[in-house]
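Chemist: Below are the sequence and a predicted model for it; my questions follow.
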Amino acid sequence: MNKYFILAVLALSISKLNGQTEINRLSLNEAIEIGIRQNPELMQATENISAAKGRFWKGISLPQPELELSLEYAPVNTSLSNYSERTFAISQSFEFPTNYFLKGNKYTKEEEIAFEQYLLKKYELVNQIKSAYFKVLADQSIVKYSEENLIISDDFYKKAQIRYNVGEGTNLEELTAKVQLSEAKNKIGIAKNNLNTSLAELNYVLGYGNQNINSSLLLTDSLIYIEHNFNLEKVYQTAEETNPQIKAAELNNGIAGVEKTLAWSSLLPNFNFAYFKQSRDGDNGFYGASFGVSVPLWFIMDQRGAIQEASANESISEALLQQTKNEIRLKLKNAFTSYTNNQQQIKTYNDDILPQTEEVYRTAIKSYDAGELSYLEYMQVKQLVINARENYITALFNYNVSLFELEEIIGKNIYELENKND
C-alpha cells in the first residue's frame, strides 16, 4: 500500500512540475505575479543585474601581485644550489588612486542601467499581461452576446415557422429567419475561436507551456470603464523622471562623462611598489624595496587619442539622450491621443448610443409582437443592438489598452500618477 501511495505522490508531483494542472480562477494581480515570476526574459534581465554587480568588483580590483624568486651568481658548470645571491620579491602595481573611484562610479551606473533594462522588460510584460487578460474578458463578453443572439434567433425562427404555418407570415420571412439563425450559429463559433486564441495568448504571456487555461476560466476582474484624471503635461513630467529608457540614456551619458575623466586621468602616473628579501653568500640579513612611477611620455599619441575619443563619445551620448527623450515624448503624445479618443467613444456609448439602442430594441420587440413591425425590420434593429454592444466592448478594451500603453511608457501605474497629481 505504501508503494502505491508513493507512486501516486510522485505522479502528482511530476504533473505539477510539467505544469499540466488547470487554472479555473484568476485575478489580474495574480496573472501579473505569475507572469513576472515565470517570464524567461525577466529572468535573464535579473541575471544581467547580477552580472553587472560582478563587473563592479572586477573593475575596481587591483592587478594581481607578482612574486619572484631569483638565484644568481652560480658558478658555471655547477647546479643552481651553488648560488651566491638569492632574491625573493613581491611587487604590486596600481593606477592613480582616483581612477578606482571613477571606475567604481562607472560600474555602479552600469548596474543601474541593468536594473532600468529589467524595469523596461517588466513594464512591457505587465502591459502584455493586462492586454491579454482584458482581451479574454472582451471575447468572453462577445461570446455571451453571441449566445444571447443565438437564443433570440432560434426563438424568432420558431415563431416565423408558426406564423408561416398558420398563414400569418410569408415564406420569405421564414427563410430570412432561418438564414439569421445560421449566421448566429456561425458567429458564436467565430466568437469562441477568438476566445480560444485570446486564452492561448494569455497562456503564453504568463509563461506557461503545457499548462491549460480552459475556456470557462473565471477572470475575477472586470472590463469596465474607470475615468482617470491626468493631463498630458503631467504625463511628460513624470515620464522624464521614471521612464526606464530615459533613465538608461541618462546613465549612459553619465558613464561617457566618467570615461572622459578617466581618459584625462591617463595623464596621471601609475605606481609600482616592490619589497625584496635577499641572501648573499649565506647571509640572509639583506632586504630592499623599490618604488616606480610611470611617465606618460607618449601622451601626444596614446592619451591624446583616448581623450579625443572619450570627448566624442560624450557628445554622442548627449545627442542620444535628447533623441530618446524626443522619441518618448512622441510615443506619449500618440498614446495620450489614443487614450482621449477612446475615452470619448466610451462616453458617447454610455451617454447616447447604448441607451438609445436599448430603447429602440424594446420598442421593436413590442411592435413585432403586436404585428406592427415586419421580421426584416426587427432583424435590422436587433443587428443594430448587437453591433452597438460589441462595439462598446471593443471600445472598452481599446480604452484600457491605451491606459496600459501609457503606463508602460511612463514607467508608473496610472493610479500612482493620479496620486502624484494630488
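Modeler: That came through, no problem.

Chemist: Just confirm residue 25 contacts residue 221, I think it does.
Modeler: No. Checked against Cβ atoms under 8 Å, the pair residue 25 and residue 221 is beyond contact range at 11.3 Å. Where you see a C-beta, it was placed from the backbone N, CA and C, and this is true even at glycine.

Chemist: Just want to know which of these two has more residues nearby.
Modeler: Set side by side, residue 25 and residue 221 show unequal neighbour counts under other Cβ atoms under 10 Å, the larger going to residue 221 at 15 against 9.

Chemist: Tell me the predicted confidence for the closest residue to residue 294 other than its chain neighbours.
Modeler: Of all residues beyond its chain neighbours, the one nearest residue 294 is residue 270 (4.2 Å), with distances taken as Cβ to Cβ, 6 or more residues apart in numbering. Reading off the confidence values, residue 270 has pLDDT 87.

Chemist: same check, this time on the one 3 residues further on
Modeler: What the model reports for residue 273 is a pLDDT of 89.

Chemist: Could you look up the next helix or strand downstream of the strand or helix carrying it?
Modeler: Assigning secondary structure by DSSP states H and E places residue 273 in strand 271-280. Heading C-terminal from strand 271-280, the first helix or strand you meet, by DSSP H and E, is strand 283-293.

Chemist: what packs against the host helix or strand of residue 236?
Modeler: Applying DSSP H and E as the criterion places residue 236 in helix 232-242. With contacts taken as 3 or more Cβ pairs under 8 Å, 6 or more residues apart in numbering; DSSP states H and E, helix 232-242 sits against helix 302-348, helix 375-410, helix 414-421.

Chemist: Which helix or strand contains the residue nearest the centre of the chain?
Modeler: In the chain, the centroid-proximal residue (Cα atoms, centre = their mean) is residue 124; its distance is 2.5 Å. Applying DSSP H and E as the criterion places residue 124 in helix 97-165.

Chemist: chain center to that helix: distance?
Modeler: Remark: helix 97-165 is offset 12 Å from the chain centroid, using Cα atoms, centre = their mean, to the nearest Å.

Chemist: coming back round to it: okay, the residue nearest to the centre of the chain: pLDDT?
Modeler: The model reports residue 124 with a pLDDT of 92.

Chemist: Not counting sequence-adjacent ones, nearest residue to it?
Modeler: residue 408 (6.0 Å).

Chemist: how about the nearest residue to residue 329, chain neighbours excluded?
Modeler: Nearest residue to residue 329 in three dimensions, chain neighbours excluded: residue 236, at 6.3 Å (Cβ to Cβ, 6+ apart).

Chemist: right, and the one you found touches residue 335 too?
Modeler: No. With contacts defined as Cβ under 8 Å, residue 236 does not count as touching residue 335, sitting 11.7 Å away.

Chemist: how about the nearest residue to residue 392, chain neighbours excluded?
Modeler: Looking at residue 392 with Cβ to Cβ, 6+ apart, the closest residue is residue 349, at 4.6 Å.

Chemist: got it, and residue 51?
Modeler: Spatially, and ignoring its direct neighbours in sequence, residue 51 is nearest to residue 114 (7.4 Å; Cβ to Cβ, 6+ apart).

Chemist: how close does the one you found sit to residue 313?
Modeler: Taking Cβ to Cβ, to the nearest Å as the criterion, residue 114 is separated from residue 313 by 20 Å.

Chemist: Between those two, which is the more surrounded one?
Modeler: Neighbour tally, residue 114 and residue 313, criterion other Cβ under 10 Å: the higher count belongs to residue 114, 21 against 18.

Chemist: Now do the contacts for that one.
Modeler: For residue 114, the contacting residues are 45, 48, 49, 51, 52, taking Cβ atoms under 8 Å, 6 or more residues apart in numbering as the criterion.

Chemist: Out of these, which end up buried?
Modeler: Under a neighbour-count criterion of 16 or more other Cβ atoms under 10 Å, the subset of the contacts of residue 114 counted as buried comprises 45, 48, 49, 52.

Chemist: and the last one, what does it touch?
Modeler: In other words, residue 52. Here residue 52 is in contact with 107, 110, 111, 113, 114 (criterion: Cβ under 8 Å, 6+ apart).

Chemist: hang on, the first one packs against residue 51?
Modeler: Looking back up the chat, that one is residue 107. No. Residue 107 sits out of contact with residue 51 when judged by Cβ under 8 Å, with a separation of 11.2 Å.

Chemist: returning to what we had before: for the residue nearest to residue 124, the count of nearby residues, please.
Modeler: Per other Cβ under 10 Å, the neighbour tally for residue 408 reads 23.

Chemist: what pLDDT does it get?
Modeler: 91.

Chemist: same deal with residue 228?
Modeler: In the prediction, the pLDDT value recorded for residue 228 is 84.

Chemist: what about the residue nearest to it when sequence neighbours are not counted, distance to residue 335?
Modeler: Beyond its immediate neighbours in the sequence, the residue positioned closest to residue 228 (Cβ to Cβ, 6+ apart) is residue 414, lying 5.7 Å away. The gap separating residue 414 from residue 335 is 12 Å, by Cβ to Cβ.

Chemist: So the two - more neighbours on which side?
Modeler: The residue with more neighbours, out of residue 414 and residue 335 and counting by other Cβ under 10 Å, is residue 335; that gives 22 against 18.

Chemist: Export the helix or strand containing residue 255 to PDB, keeping only CA atoms.
Modeler: Per DSSP H and E: residue 255 is located in helix 244-265. Coordinates of each C-alpha in helix 244-265 appear next as PDB, following Å, rounded to 0.1, in the frame of the first residue of the first chain:
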ATOM      1  CA  PRO A 244      13.500  53.400 -18.000                       C
ATOM      2  CA  GLN A 245      14.700  54.300 -21.500                       C
ATOM      3  CA  ILE A 246      15.300  57.900 -20.400                       C
ATOM      4  CA  LYS A 247      16.900  56.800 -17.200                       C
ATOM      5  CA  ALA A 248      19.200  54.400 -19.000                       C
ATOM      6  CA  ALA A 249      20.200  57.100 -21.600                       C
ATOM      7  CA  GLU A 250      21.000  59.500 -18.700                       C
ATOM      8  CA  LEU A 251      23.100  56.800 -17.000                       C
ATOM      9  CA  ASN A 252      24.900  56.100 -20.300                       C
ATOM     10  CA  ASN A 253      25.600  59.800 -20.600                       C
ATOM     11  CA  GLY A 254      27.000  59.800 -17.100                       C
ATOM     12  CA  ILE A 255      29.200  56.900 -18.000                       C
ATOM     13  CA  ALA A 256      30.500  58.800 -21.000                       C
ATOM     14  CA  GLY A 257      31.400  61.700 -18.700                       C
ATOM     15  CA  VAL A 258      33.200  59.300 -16.400                       C
ATOM     16  CA  GLU A 259      35.100  57.700 -19.300                       C
ATOM     17  CA  LYS A 260      36.200  61.200 -20.400                       C
ATOM     18  CA  THR A 261      37.500  62.000 -17.000                       C
ATOM     19  CA  LEU A 262      39.300  58.600 -17.000                       C
ATOM     20  CA  ALA A 263      40.900  59.500 -20.300                       C
ATOM     21  CA  TRP A 264      42.300  62.700 -18.800                       C
ATOM     22  CA  SER A 265      43.400  60.700 -15.800                       C
END
